[in-house]
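S.K.: Below: sequence and its predicted model.
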Amino acid sequence: MFKSIKARVIITLIVSLVSLFCLIPTLFPNMTDVWKNMLPTEKIHLGLDLQGGTHLVLGVDTPKAVENWLQRTGNDIKSFLMEKGVRFQYLDSQTQHGVIKFELPDAPSKVAFELALKERFPDIVIVSSSSQSGREVLSLKFTPQRETELKKIAVEQSLETIRNRIDQFGVTEPEIIPEGDDRMVLQLPGIKDPARAKNIIGKTALLEFKLVDDEHQLDDALKGAIPQGSHVAYARKIDRTSGRSVDTPFLLKERALMTGESLEGASVKIGGKFGDPYIELKFNDRGASEFERITGDNVKKRLAIVLDGVVHSAPEIRERISGGQAIIEGSFSMDDAKDLAIVLRAGALPAPVQILEERSVGPSLGQDSIEQGVWACLIGGLLVIIFMGIYYRWSGMIANVALIFNMLILLGALAVFKATLTLPGLAGIVLTIGMAVDANVIIFERIREELRNGKLPKVAVDVGYSRAFLTILDANVTTLIAALFLFGFGTGPVKGFAVTLTIGILASMFTAIFVTRIIFDYMVQNKNSTSLSIG
């Protein structure tokens with residue numbers, strides 16, 4: 001018996017020392033670099049409600065995402081029809097409301113057009129047709145099933161893109177949760193510059209390379225006579241003398257020759273006449289060959305670099321450009337250049353994202369929550385310790401020792417699993433304090449019953465633990481199932497409660513049954529022992 005006690009003591013010590021070891025960064029955050037290299041780096045992270053930060057509800061413009069995909073599909077249809085030799089005219093200027101339009105000159109072209117759609121584009125359907133001057137105009141859109149699928153993909157891509165941007169921005173433990181069909185909740189704890197973060201989050205970052213339309217007059221376009229297949233865009237620069245923003249118009253071809261999908265990297269460089277920062281772009285292999293082809297086919301023409309509809313530069317292509325690199329110049333500050341590089345590296349959002357709701361939690365309010373939560377845990381724990389000591393005497397003190405072990409293991413697990421401690425999480429800890437001794441109350445009452453029946457302490461302890469075990473297991477497993485469902489289906493605050501409750505249940509099972517049994521077995525290991533202080 002003593003050897004088994006010894007083995008269980010060693011297991012308990014190992015678990016306790018590991019938990020304490022994992023808590024060192026949390027207990028001593030200002031350690032020297034020498035110690036930091038030798039000890040764990042993960043500490044208990046505090047949630048938005050405990051350290052302050054920003055809470056945002058974002059809405060994804062899913063219809064716009066569908067429209068963008070439809071526009072790209074329209075260009076693919078154009079290329080495929082040209083391969084098939086089908087006569088048509090793509091009505092770019094009439095693309096709106098989730099519909100693209102093609103004009104066909106005769107009935108044979110219409111038949112060939114419909115066959116081409118069935119062959120290559122099964123998700124595109126003809127929703128209407130009309131005759132204009134002997135020609136057939138067909139309106140096309142995605143099938144309802146494909147539209148629903150694309151909207152879901154848009155939200156998923158937006159969520160992942162925003163997560164990448166926030167990670168590169170340096171926010172610790174952001175919480176990004178989808179909500180409904182086209183929304184997401186974003187919690188940024190401890191953020192120091194919310195305005196800059198919101199700018200990074202909301203920037204669509206659609207990078208396009210378009211040819212400047214030098215075949216038509218810009219002045220005519222500014223007066224309203226915009227040629228078909230072209231549009232007016234503006235370059236925005238800051239005048240160094242007056243500090244004012246100056247907009248310069250450009251007449252651009254509507255069709256983008258290349259987008260930022262082929263980007264491999266984006267970095268900030270310093271150069272230019274005034275030492276201004278600029279963005280250096282690097283394409284992947286496919287993008288590099290595509291950029292080389294585009295520049296080779298358009299020598300002596302101007303190629304505009306357009307980001308979110310704003311022209312950043314429009315240099316003349318003097319020769320074929322190989323190597324897969326390009327630059328974006330503009331009146332950037334260093335922070336603006338860094339933020340732009342972040343969103344380009346993370347990728348463009350598939351659709352515009354709008355901030356629907358914003359709430360801020362100040363650090364002082366978070367500190368008040370921490371202090372009140374800690375006081376709640378201390379007062380609750382102290383009352384439980386006093387009650388157990390008075391009602392169950394020395395056996396109650398054993399339960400109190402197990403309670404201390406429970407809290408140590410719980411906090412250590414929060415650090416190991418990189419969990420975020422929230423205000424509801426503190427409530428879960430307070431609840432765990434009560435549940436931790438609840439199992440011991442069941443055991444002690446069983447032991448008391450056996451002692452009243454005249455059994456020796458050793459036998460009473462054995463019977464008490466064995467008969468109480470199933471009751472304790474049943475109660476804790478049912479609570480654990482509820483906690484797991486809270487974690488699976490709940491949002492941020494609810495998940496925080498579920499995390500601490502789940503870890504607390506598992507820790508209390510270990511301490512209430514395993515740790516306290518060690519002490520009781522040591523106390524009654526003498527077969528002739530006739531007394532047990534249990535109230």
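M.R.: Structure's in. What do you need?
S.K.: Just to check, residue 159 is in contact with residue 182?
M.R.: No: taking contacts as Cβ atoms under 8 Å, residue 159 lies outside contact range of residue 182: 11.2 Å. Where you see a C-beta, it was placed from the backbone N, CA and C, and this is true even at glycine.
S.K.: Buried ones in stretch 17-33, by neighbour count?
M.R.: 19, 22-26 (16 or more other Cβ atoms under 10 Å).
S.K.: Quick check: which of these has the minimum pLDDT.
M.R.: The lowest pLDDT within those belongs to residue 26, with 77.
S.K.: So for the nearest residue to that residue once chain neighbours are set aside, what pLDDT did the model give?
M.R.: Distance criterion Cβ to Cβ, 6 or more residues apart in numbering; nearest residue to residue 26, sequence neighbours excluded, is residue 43 at 4.1 Å. For residue 43, the model assigns a pLDDT of 74.
S.K.: I'd like to know how many residues surround residue 43.
M.R.: When neighbours are counted by other Cβ atoms under 10 Å, residue 43 registers 17.
S.K.: Over to residue 177?
M.R.: If you count neighbours by other Cβ under 10 Å, residue 177 ends up with 14.
S.K.: Just say helix, strand or coil for it.
M.R.: strand (DSSP: H, G, I helix; E, B strand; the rest coil).
S.K.: how near is it to residue 503?
M.R.: As judged by Cβ to Cβ, to the nearest Å, residue 177 and residue 503 stand 21 Å apart.
S.K.: now do residue 518
M.R.: According to Cβ to Cβ, residue 518 and residue 503 sit 22 Å apart.
S.K.: Surely the residue nearest to residue 26 touches residue 28?
M.R.: No: the pair residue 43 and residue 28 fails to qualify as a contact (Cβ under 8 Å) at a distance of 9.6 Å.
S.K.: Can you convert the buried residues of stretch 17-33 into CSV and add a column each for distance to residue 107?
M.R.: Compiled in CSV, those are given as follows (distance: Cβ to Cβ, whole Å):
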residue, distance to residue 107
19, 79
22, 76
23, 79
24, 80
25, 76
26, 76
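S.K.: outside of the helix or strand residue 78 falls within, which residues touch it?
M.R.: For residue 78, the host element (DSSP states H and E) is helix 62-84. Applying Cβ atoms under 8 Å, 6 or more residues apart in numbering, the set of residues contacting helix 62-84 from outside is 88, 90, 92, 95, 98-100, 102, 112-113, 116-117, 120-121, 124, 140-142, 147, 150-151, 153-155, 181-182, 255, 350-352.
S.K.: among the residues you listed, which are in helices?
M.R.: 112-113, 116-117, 120, 147, 150-151, 153-155 (DSSP state H).
S.K.: Derive a ChimeraX selection command for the buried subset of these.
M.R.: To isolate the buried ones among these in ChimeraX, judged by 16+ other Cβ under 10 Å, type:
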select :112,113,116,117,147,150,151,154,155
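S.K.: all strands in the stretch 251-400 of the chain, in order from the N-terminus.
M.R.: For the stretch 251-400 of the chain, strands defined by DSSP state E, counting those that start in this stretch occupy the ranges 258-259, 263-271, 276-283, 303-307, 310-313, 325-328, 353-361.
S.K.: One more: the stretch 401-535 of the chain?
M.R.: Ranges of strands within the stretch 401-535 of the chain are 420-421, based on DSSP E, counting those that start in this stretch.
S.K.: Poorly predicted segments of it, please.
M.R.: Scanning the stretch 401-535 of the chain for pLDDT under 70 picks out the ranges 491-493, 526-533, 535.
S.K.: let's see it at 80
M.R.: 417-423, 434-436, 488-496, 523-535 (pLDDT under 80).
S.K.: Can you give me the pLDDT of residue 366?
M.R.: The model reports residue 366 with a pLDDT of 61.
S.K.: From residue 256, how far off is residue 371?
M.R.: Distance of residue 371 to residue 256, given as Cβ to Cβ: 55 Å.
S.K.: more neighbours, those two?
M.R.: Remark: of residue 371 and residue 256, residue 256 carries more neighbours, 19 against 10, as counted by other Cβ under 10 Å.
S.K.: Can you pull the phi/psi pair for the more buried one?
M.R.: Here is the backbone geometry of residue 256 (degrees, to the nearest 10): phi -90, psi 130.
S.K.: residues in contact with it?
M.R.: By Cβ under 8 Å, 6+ apart, the residues touching residue 256 are 208-210, 306.
S.K.: What is the nearest of those to residue 461?
M.R.: Nearest to residue 461 among these: residue 208, at 76.4 Å, using Cβ to Cβ.
S.K.: Name the SS class of the closest one, please.
M.R.: Residue 208 ends up strand, using three-state DSSP.
S.K.: I'd guessed it sits against residue 306; true?
M.R.: Yes: between residue 208 and residue 306 there is a contact under Cβ under 8 Å: 4.5 Å.
S.K.: Across the sheet, point out what pairs with residue 187.
M.R.: In this entry, residue 187 is beta-bridged to residue 55, residue 175, by DSSP bridges.
S.K.: What separation is there between residue 98 and residue 141?
M.R.: Using Cβ to Cβ, one gets 5 Å for the distance from residue 98 to residue 141.
S.K.: Those two: who's more crowded?
M.R.: Counting neighbours by other Cβ under 10 Å for residue 98 and for residue 141 shows that residue 141 has the greater number, 21 against 17.
S.K.: so what's the more buried one up against?
M.R.: Per Cβ under 8 Å, 6+ apart, neighbours of residue 141: 70, 98-100, 124-125, 127, 147.
S.K.: which SS state does residue 214 fall under?
M.R.: coil.
S.K.: contacting residues around it?
M.R.: When the contact criterion is Cβ under 8 Å, 6+ apart, the partners of residue 214 are 301-302.
S.K.: higher neighbour count, residue 518 and residue 503?
M.R.: Neighbour tally, residue 518 and residue 503, criterion other Cβ under 10 Å: the higher count belongs to residue 503, 25 against 19.
S.K.: ok, now which ones touch the more buried one?
M.R.: Residue 503 sits next to 409-410, 413-414, 417, 419 when contact means Cβ under 8 Å, 6+ apart.
S.K.: can you redo these as JSON lines with neighbour count and distance to residue 438?
M.R.: Formatted as JSON lines, the contacts of residue 503 follow (neighbours: other Cβ atoms under 10 Å; distance: Cβ to Cβ, whole Å):
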{"residue": "409", "neighbour count": "24", "distance to residue 438": "17"}
{"residue": "410", "neighbour count": "23", "distance to residue 438": "15"}
{"residue": "413", "neighbour count": "22", "distance to residue 438": "20"}
{"residue": "414", "neighbour count": "25", "distance to residue 438": "21"}
{"residue": "417", "neighbour count": "11", "distance to residue 438": "24"}
{"residue": "419", "neighbour count": "21", "distance to residue 438": "23"}
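S.K.: and the spatially closest residue to residue 110 that is not a sequence neighbour, what are its phi and psi?
M.R.: Leaving aside its chain neighbours, residue 110 sits nearest to residue 104 (4.9 Å; criterion: Cβ to Cβ, 6+ apart). In terms of degrees, to the nearest 10, the main-chain angles of residue 104 are phi -120, psi 140.
S.K.: Now do residue 104, the pLDDT please.
M.R.: At residue 104, the pLDDT value in this model is 87.
S.K.: what about it, how many residues close to it?
M.R.: Residue 104: 22 surrounding residues under other Cβ under 10 Å.
S.K.: Was I right to think it contacts residue 113?
M.R.: Yes: counting by Cβ under 8 Å, residue 113 is a contact partner of residue 104 at 5.8 Å.
S.K.: which residues touch residue 439?
M.R.: So residue 439 contacts 468, 472, 475-476, 508-509, 512-513 (Cβ under 8 Å, 6+ apart).
S.K.: repeat that with 7 Å
M.R.: Going by Cβ atoms under 7 Å, 6 or more residues apart in numbering, residue 439 touches 472, 508, 512-513.
S.K.: Just give me the closest of those to residue 321.
M.R.: Minimum distance to residue 321 across these is 66.2 Å, recorded for residue 508 (Cβ to Cβ).
S.K.: okay, now the closest residue to that closest one other than its chain neighbours: neighbour count?
M.R.: Of all residues not flanking residue 508 in the chain, residue 436 sits nearest, at 4.1 Å (Cβ to Cβ, 6+ apart). By other Cβ under 10 Å, the residues close to residue 436 number 27.
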